[in-house]
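Here is my input; please provide its structure:
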Amino acid sequence: MGARYDRALNPDVESLLSKGGLFNFLITDTPGLSPDDAYALDIQVREGNVLMYYHGTTRLLTLHFRWKSLKSQMTIKAHASSAYGEYAECCQQYQALMKEWSISDISNFKDAWQAYLKSAMVAANDRYYGNHREGFWQNRLCVEFGRNWTPSSDWLVIDRECVIGFKRSADKKAHYEKANSKAQEIKLALQNSDKVKWGTPDNKGFGDEVDMLAIDKSGSLVVIELKHGVNAKGIYWGPLQAGVYQTAFKAAPLEVLKGVEKLIAQKIKLGLLPNAAAKRVPSFLKLGDPVLAIAEPKKDSRCWGKLGEVCQKTKDWPLKIVMIEMQNDHCAIFQCEPDRQALQSCMNGMRGK
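Okay, the predicted model is just below:
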């Protein structure tokens, strides 16, 4: 099948980004959106020696470490969406940074990098982060349970926007079609039973990108599908989506889990996860139950009855539902049973609900 999870950087790039390395500042010196917001930027490593900076659901910047030939020096290619080159708040900084940089120009590169990130966060559309919805919460969870993880944290978040890689696109398509099949069957049955209630059958699948991969307190690897409380449709179809991702990872070959293990070890070396996080990671990863996480659930939303019905259709599948709110500037997580009465009870127990 040729499946992989090959996101770790090569040893040369790892060395440059690690503590004491020439480019360690790319991890330690990121600017904040404001003095009281330490969660506005989330840093992730990607396949092909790439570093990405997320501001909620938008990637503000991609840095590609590369060599033009075996004997040449490494360069850093900066890239971002052309939209950031058009915003008045950051167009000048965009033009200054978006090129290929040599190591000999590291001082100017650092200045341009910091200036661009700071201005691009200001320019970014509020829907990505500033509206405090899914993108805000994804950054918050990835940083609080990632770089800022503590042993008391419910999850150790190890990656986001997680997709299994394949050598051939046909293999990927077949793998995810198989993973989607049961969920799609349930969705279509519900839609055909009541088009007004569930919507017109659309044959639309559930995609291939897991919001987050994490290790829970039991040491199990879990896929997390994150929804904000205003996204009623996303919430009630969420159990099917989480089930698809669980199936995709469960059916993948051992090389995928080995790739995840390698990524965790490297992120600890880079400081993207704390050293103490190694104690949470078991010798051999195994999959736990998938998680549907709902941030700031709305008690009066019409989604809860539908969510309960979908959970009835998937009661043979393992699934955990959690609700999340902010308490004392930290993410508080409440686990719920997948039926309407239990969900309402869970929300009643949350502060301010």
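
tell me, what residue is most central in this protein?
Arg160 (2.2 Å; C-alpha atoms, centre = their mean).

I'd assumed Asp211 was in contact with that one.
Yes - counting by C-beta atoms under 8 Å, Arg160 does reach Asp211; the two are 6.4 Å apart. Using the backbone N, CA and C atoms, a C-beta is placed for each residue, glycine as well.

Give me the common contacts of those two.
Taking C-beta atoms under 8 Å, 6 or more residues apart in numbering as the contact rule, Arg160 and Asp211 both touch Gln138.

ok, back up a step: so which helix or strand takes in the residue nearest to the centre of the chain?
Arg160 is part of strand 155-162, with elements assigned from DSSP states H and E.

how far out from the middle of the chain is the helix or strand hosting Gln92?
Using DSSP H and E, Gln92 sits in helix 91-97. The chain centroid and the centroid of helix 91-97 are separated by 27 Å, computed with C-alpha atoms, centre = their mean, to the nearest Å.

same check, this time on stretch 3-18
Relative to its chain's centre, stretch 3-18 lies at 18 Å (C-alpha atoms, centre = their mean).

for the protein, which spans come out with low pLDDT?
Along the chain, the parts satisfying pLDDT under 70 run over 1, 69-71, 351-353.

can we see that at 80?
Applying pLDDT under 80 to the chain picks out residues 1, 34-36, 68-72, 338-342, 344, 349, 351-353.

Can you show me the strands along it?
3-4, 42-46, 50-55, 58-66, 75-79, 100-102, 155-162, 165-166, 210-216, 221-228, 291-295, 320-327, 330-336 (DSSP state E).

If you count contacts, what does the fourth one end up packed against?
Using 3 or more C-beta pairs under 8 Å, 6 or more residues apart in numbering; DSSP states H and E as the contact definition, the elements that strand 58-66 packs against are strand 50-55, strand 75-79, helix 106-123.

Mind putting the ones you listed into CSV with mean neighbour count and distance to Leu188?
What follows is the helices and strands packed on strand 58-66, written out as CSV (neighbours: other C-beta atoms under 10 Å; distance: least, C-beta to C-beta, whole Å):
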stretch, mean neighbour count, distance to Leu188
strand 50-55, 22, 33
strand 75-79, 18, 39
helix 106-123, 18, 41
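
Out of these, flag the one nearest Gln266.
Taking C-beta to C-beta as the criterion, strand 50-55 is the member of those that comes nearest to Gln266, at 12.0 Å.

quick one: the closest one to chain centroid distance?
On C-alpha atoms, centre = their mean, the centre of strand 50-55 falls 11 Å from the chain's centre.

same deal with stretch 163-177?
That offset, for stretch 163-177, works out to 20 Å (C-alpha atoms, centre = their mean).

Over to stretch 241-257?
On C-alpha atoms, centre = their mean, the centre of stretch 241-257 falls 16 Å from the chain's centre.

before we move on, what about stretch 186-205?
28 Å.

Endpoints of that stretch, how far apart?
End-to-end span of stretch 186-205 (C-alpha to C-alpha, to the nearest Å): 11 Å.

can you check stretch 75-94 too?
Stretch 75-94: ends 18 Å apart by C-alpha to C-alpha.

Would you mark the buried spots in it?
Within stretch 75-94, the residues scored as buried using 16 or more other C-beta atoms under 10 Å are Thr75, Ile76, Ala78, His79, Ala80, Tyr84, Tyr87, Cys90, Gln93, Tyr94.

wait, isn't Ser220 in contact with Leu287?
Yes - with contact defined as C-beta under 8 Å, Ser220 reaches Leu287; the gap is 6.6 Å.

first to last residue in stretch 140-154, what's the distance?
Start-to-end, stretch 140-154 (C-alpha to C-alpha) is 14 Å.

Which positions in it come out as buried?
For stretch 140-154, burial by neighbour count (16+ other C-beta under 10 Å) applies to Arg140, Leu141, Cys142, Val143, Glu144, Phe145, Gly146, Arg147, Trp149, Ser153, Asp154.
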